[in-house]
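A.B. asks: Below is the sequence, then the predicted model.
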Amino acid sequence: MTQDLAPLVQDPSAGRSTGWWRSAVIYQVYVRSFADSDGDGVGDLRGARDRLPHLADLGVDAVWLTPFYASPQADGGYDVADYRAVDPLFGELSDADGLVREAHRLGLRVIVDIVPNHTSDQHAWFRAALADRHGGPARERYHFRPGRGESGQWPPNDWESVFGGPAWTRTAGADGAPGEWYLHLFAPEQPDLNWDHPEVAREFASVLRFWLDLGVDGFRVDVAHGMVKAAGLPDIGRGEQAKMIGTQVLPFFDQDGVHEIHRSWRRLLDSYDGERIGVAEAWAPTSERLALYVRPDELHQAFNFQFLRCPWGAAAMREVIDESLAATAAVGAPATWVLSNHDVVRHTTRYGGGERGLRRARAAALLMLALPGSAYVYQGEELGLPEVEDLPDEARQDPAFLRGRGARARGGVPHGNEGAERSGQDGTRDGCRVPIPWSGTTAPYGFGPGTSWLPQPAQWRELSVEAQSGDPRSTLELYRSALALRRELPGLGDGPMSWLPAPEGVLALSRPGFVCTLNTLAAEAELPVPGRPVLATAPLEFGGGAVRVPAEACVWWAV
Ligand code: NOJ
């Protein structure tokens, strides 16, 4: 018997499957807003490296770095001109190498972004494409098409850019004569690659190897649902397409063909030791379709945007949790949980802002960290930072803003991104990207020796890492305690979960040796005591064998 079981026992030190990612808490570093080492007002890799001890202290398992590659920064670095080079704004290749080594020394894994749906318009391939003749071979790596109409004056189809306006831009020849159009699902500076071209797949495999050889532990795959377009690039037949993203399969999003690419990437990741992972940023209409991205031979995780978009409330949250767990279990993948990232309004503000928003955000964080699977923490949420809603227009850099509301405010041509405004890519993404406060009483609050590329509110001096450290009521200490407990309590992370009976408006979930109670109501809830309280977002009152859980509070119990 013992002999039969032996091969199933996995020894992490032997470098075989540890499944580290099934339970991992992964911290998102938005590099340009995390820490600035050289005083130019923009965060960089050295700055991030110097601050890694904060993340080790916080108790996360891994760090995801947003793009730091050579880029004209038309979309915060999601417009890559050279996938193997570090942009001078963020440092040098040796800084990336140093950061990865230092993270590993501290026991943190490192995930980097890969942007395969589009390049920058300054990428050597696109420049060559523009220089080539109509229909020339250099154009085949992108989607170039003649326009419609007598003189080709109309875009080749009716697709709209996620950032607003048509998804096509017309080129001009050296003599200024208008020519073919090229496809860009995002900004015009982000031309879409043609993944039917064999060189594209070959090049990305080589880029993945480049970073894997440098030691990274995985990739967050940008627009993982977008690389394959329906044959013939058919019209959609109606406008306001941004509103349809994530609600249905579109000829440019969630096409079945993308899965073949993810399968080939999985084979590549598996050919490296140490369990390197792929995380899909994919917008799919249902949890079931999203789960297709994390089948055993595809990527390891996919961001759970259903959870992020779920409104506050016990019933809605329970439904999303159940759906997510069922869909991922069906393919054997861990669920993931995320409340904020660099593209959405920070959840403190989404939940109503002010004291109430913060109360709910703290409670939601404990709920998230109690759920089975892996969780993502966006820089600054551990400080309870709100969205900055009053940034001056001149400071904003979000291309969606510059094409939509910004263009109108500046008297420019409105590109009509009203649909995008509702979908979340509403051009106000700068408000969640404001550099985070570390210490001190004046801006930039320890972010760097100079200024910060977006202005920080004066109130943030009270929210700095320094101001919150050691204060047991602070959000930072709440996250630290939660993450420490998550490591200590064996029932947390990956594993089973079930619901306990609870009154309306209250969620009670049970994990082995553990219970989490969330009161979503605006009033206190009186509940039976399930065990010993180990962490709570607000003070509890006990009496008569019951506990009174304050409004919009969450409690962790050891059972
Ligand atoms: C998703 C990224 O998170 C976002 O910031 C970016 O604008 C788009 N993909 C396009 O790359």
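C.D. replies: Arrived safely, thanks for sending.
A.B. asks: Let me know how buried residue 501 is, in neighbour terms.
C.D. replies: Here the number of neighbours of residue 501 (other C-beta atoms under 10 Å) works out to 7. Heads up, the C-betas are built off the backbone N, CA and C, glycines and all.
A.B. asks: Without its sequence neighbours, what residue ends up closest to it?
C.D. replies: Spatially, and ignoring its direct neighbours in sequence, residue 501 is nearest to residue 508 (7.3 Å; C-beta to C-beta, 6 or more residues apart in numbering).
A.B. asks: And the pLDDT at the spatially most central residue of the chain?
C.D. replies: Geometric centre of the chain, nearest residue: residue 341, 5.0 Å, by C-alpha atoms, centre = their mean. pLDDT recorded at residue 341 is 98.
A.B. asks: likewise residue 472?
C.D. replies: 97.
A.B. asks: for the residue nearest to the centre of the chain, what are its contacts?
C.D. replies: Neighbouring residues of residue 341 by C-beta atoms under 8 Å, 6 or more residues apart in numbering: 28, 303, 308, 376, 378, 432.
A.B. asks: Distance check, it against the ligand.
C.D. replies: 7 Å (C-beta to the nearest ligand atom, to the nearest Å).
A.B. asks: Regarding that residue, what are the backbone dihedral angles?
C.D. replies: phi -160, psi -170 (degrees, to the nearest 10).
A.B. asks: close enough to count as contact, residue 399 and residue 162?
C.D. replies: No. Assessed by C-beta atoms under 8 Å, residue 399 is found out of contact with residue 162, at 10.0 Å.
A.B. asks: what residues are shared contacts of these two?
C.D. replies: Residues touching both residue 399 and residue 162 (C-beta under 8 Å, 6+ apart): residue 186.
A.B. asks: Quick check: pLDDT value at the residue of the chain found nearest the ligand.
C.D. replies: At 3.4 Å from the ligand, residue 78 is the closest residue in the chain, using C-beta to the nearest ligand atom. Per-residue pLDDT puts residue 78 at 98.
A.B. asks: residue contacts, it?
C.D. replies: 67, 71, 113, 115, 186, 190, 222.
A.B. asks: what's the answer for residue 159, then?
C.D. replies: Residues in contact with residue 159 (C-beta under 8 Å, 6+ apart) are 166, 167, 168, 183, 185, 233, 235, 236, 241, 251, 252.
A.B. asks: what about it, distance to residue 490?
C.D. replies: 50 Å (C-beta to C-beta, to the nearest Å).
A.B. asks: do the same with residue 518
C.D. replies: Taking C-beta to C-beta as the measure, residue 518 falls 22 Å from residue 490.
A.B. asks: more neighbours, those two?
C.D. replies: Neighbours were counted for residue 518 and for residue 490 using other C-beta under 10 Å; residue 518 has more, 27 against 11.
A.B. asks: my read: that one touches residue 363, true?
C.D. replies: Yes. The criterion here is C-beta under 8 Å, and residue 518 meets it with residue 363 at 5.9 Å.
A.B. asks: Leaving out the residues flanking it, which one is nearest to residue 193?
C.D. replies: Among residues not flanking residue 193 along the chain, residue 200 sits closest, at 5.2 Å (C-beta to C-beta, 6+ apart).
A.B. asks: Help me confirm that residue 317 comes into contact with residue 506.
C.D. replies: No. Residue 317 is not in contact with residue 506 according to C-beta under 8 Å; the separation is 11.0 Å.
A.B. asks: Between those two, which contacts overlap?
C.D. replies: Shared contacts of residue 317 and residue 506 (C-beta under 8 Å, 6+ apart): 518, 520.
A.B. asks: the strands in the stretch 201-350 of the chain, which residues?
C.D. replies: In the stretch 201-350 of the chain, the strands defined using DSSP state E, counting those that start in this stretch lie at 218-221, 277-280, 301-302, 336-338.
A.B. asks: how about those, which one is nearest residue 100?
C.D. replies: strand 218-221 (11.7 Å; C-beta to C-beta).
A.B. asks: Which residues of this structure lie near the ligand?
C.D. replies: 75, 78, 115, 186, 222, 223, 281, 342, 343 (C-beta under 6 Å from any ligand atom).
A.B. asks: which one of the residues you listed has the most neighbours?
C.D. replies: Within these, most neighbours by other C-beta under 10 Å means residue 115, with 27 neighbours.
A.B. asks: so what's it up against?
C.D. replies: Residue 115 makes contacts with 67, 78, 79, 80, 83, 222, 223, as judged by C-beta under 8 Å, 6+ apart.
A.B. asks: Is the residue nearest to residue 501 located within a helix, as I assumed?
C.D. replies: No. Looking at residue 508 with DSSP: H, G, I helix; E, B strand; the rest coil, it is strand, so not inside a helix.
A.B. asks: ok so, going back, I'd like the contacts of residue 78 laid out as JSON lines, including pLDDT and secondary structure.
C.D. replies: Compiled in JSON lines, these are given as follows (pLDDT from 0 to 100; DSSP: H, G, I helix; E, B strand; the rest coil):
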{"residue": "67", "pLDDT": "98", "secondary structure": "coil"}
{"residue": "71", "pLDDT": "98", "secondary structure": "coil"}
{"residue": "113", "pLDDT": "98", "secondary structure": "strand"}
{"residue": "115", "pLDDT": "98", "secondary structure": "coil"}
{"residue": "186", "pLDDT": "96", "secondary structure": "coil"}
{"residue": "190", "pLDDT": "98", "secondary structure": "coil"}
{"residue": "222", "pLDDT": "98", "secondary structure": "coil"}
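A.B. asks: where in the stretch 101-250 of the chain is pLDDT low?
C.D. replies: By pLDDT under 70, the stretch 101-250 of the chain contains no weakly predicted segment.
A.B. asks: redo that, cut-off 90
C.D. replies: Applying pLDDT under 90 to the stretch 101-250 of the chain flags the ranges 134-135, 164, 173-176, 238-247.
A.B. asks: and residue 111, what are its bridge partners?
C.D. replies: Beta-bridge pairing for residue 111 (DSSP bridges): residue 64, residue 218.
A.B. asks: Was I right to think it contacts residue 278?
C.D. replies: No. Judged on C-beta under 8 Å, residue 111 makes no contact with residue 278 at a distance of 9.1 Å.
A.B. asks: Let me see the domain layout of the chain.
C.D. replies: Per automatic domain parsing, the structural domains of the chain span 20-117+194-230+243-475, 124-183, 496-558.
A.B. asks: end to end, how far does the second one reach?
C.D. replies: Distances were taken as C-alpha to C-alpha, to the nearest Å; on that basis the terminal residues of domain 124-183 are 17 Å apart.
A.B. asks: same deal with stretch 508-527?
C.D. replies: The straight-line separation of the ends of stretch 508-527 (C-alpha to C-alpha) is 10 Å.
A.B. asks: Identify the residues contacting residue 55.
C.D. replies: Listed by C-beta under 8 Å, 6+ apart, the contact set of residue 55 reads 27, 63, 106, 108.
A.B. asks: repeat that with 7 Å
C.D. replies: Residue 55 makes contact with 27, 63, 108 under the criterion C-beta atoms under 7 Å, 6 or more residues apart in numbering.
A.B. asks: And for residue 439?
C.D. replies: By C-beta under 7 Å, 6+ apart, the contact set of residue 439 is 445, 446, 464, 465, 466.
A.B. asks: Now render these as JSON lines, adding distance to residue 355, neighbour count and pLDDT.
C.D. replies: Formatted as JSON lines, the contacts of residue 439 follow (distance: C-beta to C-beta, whole Å; neighbours: other C-beta atoms under 10 Å; pLDDT from 0 to 100):
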{"residue": "445", "distance to residue 355": "22", "neighbour count": "23", "pLDDT": "98"}
{"residue": "446", "distance to residue 355": "25", "neighbour count": "19", "pLDDT": "98"}
{"residue": "464", "distance to residue 355": "19", "neighbour count": "21", "pLDDT": "98"}
{"residue": "465", "distance to residue 355": "21", "neighbour count": "21", "pLDDT": "98"}
{"residue": "466", "distance to residue 355": "22", "neighbour count": "15", "pLDDT": "98"}
